[in-house]
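>>> can't give you the sequence, but here's the structure:
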């Protein structure tokens with residue numbers, strides 16, 4: 001079984017958490033692609049608030065909110081952007097998305113993969129920011145359950 005991760009800030013994230021023996025995770029089994037996922041191929045700025053790479057975003061609306069808050073200092077990093085579909089992965093079983101407001105664009109850029117493989121999808125949806133993604137998945141016959149700020153989408157395949 002292989003795991004694939006996409007993170008435009010992977011090298012800035014400490015691997016100590018992931019490789020802690022208590023987590024029972026062998027990070028050598030994870031193929032990390034150092035890109036941001038979206039609905040286009042190119043590059044953009046990743047905006048990071050207060051040196052907290054876990055909350056970085058490529059979404060302008062999120063950045064504009066931070067710009068108005070004088071307590072938030074941001075840094076910008078140029079990052080590559082691709083669609084999930086551009087990787088042509090086969091037999092995708094599970095997709096997890098937690099991307100600080102770009103869930104809609106990621107689902108749009110993964111539609112060929114989703115329509116072909118119908119993976120289980122676990123996605124953050126704080127403040128109902130992923131409305132378009134929820135509608136798109138529902139239109140494909142996905143059902144969802146909500147767990148606090150997260151949603152799990154499944155589709156029965158007949």
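Perfect, thanks for sending it. All values derive from a computational prediction rather than experimental measurement.

>>> every contact and neighbour count from this point should use C-alpha atoms.
OK.

>>> return the distance of residue 123 relative to residue 106.
11 Å (CA to CA, to the nearest Å).

>>> quick one: the helices in this protein?
15-19, 60-68, 103-108, 111-117, 131-139 (DSSP state H).

>>> contacting residues for residue 140?
Residue 140 makes contacts with residue 115, as judged by CA atoms under 8 Å, 6 or more residues apart in numbering.

>>> pLDDT value on it, please?
pLDDT recorded at residue 140 is 96.

>>> same deal with residue 72?
So, for residue 72, pLDDT stands at 81.

>>> and for residue 39?
pLDDT recorded at residue 39 is 95.

>>> by mean pLDDT, flag the weakest helix or strand of this structure.
Taking mean pLDDT, DSSP states H and E as the measure, the helix or strand of the chain with the lowest value is helix 15-19, at a mean of 51.

>>> tell me how far the residue sitting nearest the centre point of the chain lies from residue 105.
By CA atoms, centre = their mean, the chain has its centre lying nearest to residue 97, at 3.5 Å. Separation of residue 97 from residue 105 (CA to CA) stands at 11 Å.

>>> count the neighbours of the closest residue to residue 43 other than its chain neighbours for me.
Spatial nearest neighbour of residue 43, excluding adjacent residues (CA to CA, 6 or more residues apart in numbering): residue 80 at 4.3 Å. A count of nearby residues for residue 80, using other CA atoms under 10 Å, gives 16.

>>> wait, residue 80 sits on residue 46?
No - counting by CA atoms under 8 Å, residue 80 stays clear of residue 46, with 9.4 Å between them.

>>> shouldn't the residue nearest to the centre of the chain be in contact with residue 122?
Yes - here residue 97 reaches residue 122: they are 6.3 Å apart, a contact under CA under 8 Å.

>>> ok, residue 75 - contacts?
47, 48, 49, 50, 51.

>>> meant to ask about residue 127, not that
residue 149.

>>> how close does it sit to residue 139?
21 Å.

>>> excluding chain neighbours, give the residue nearest to residue 42 in space.
In space, and not counting its chain neighbours, residue 42 is closest to residue 81: 5.1 Å by CA to CA, 6+ apart.

>>> how many neighbours does the one you found have?
Neighbour tally, residue 81, other CA under 10 Å: 20.
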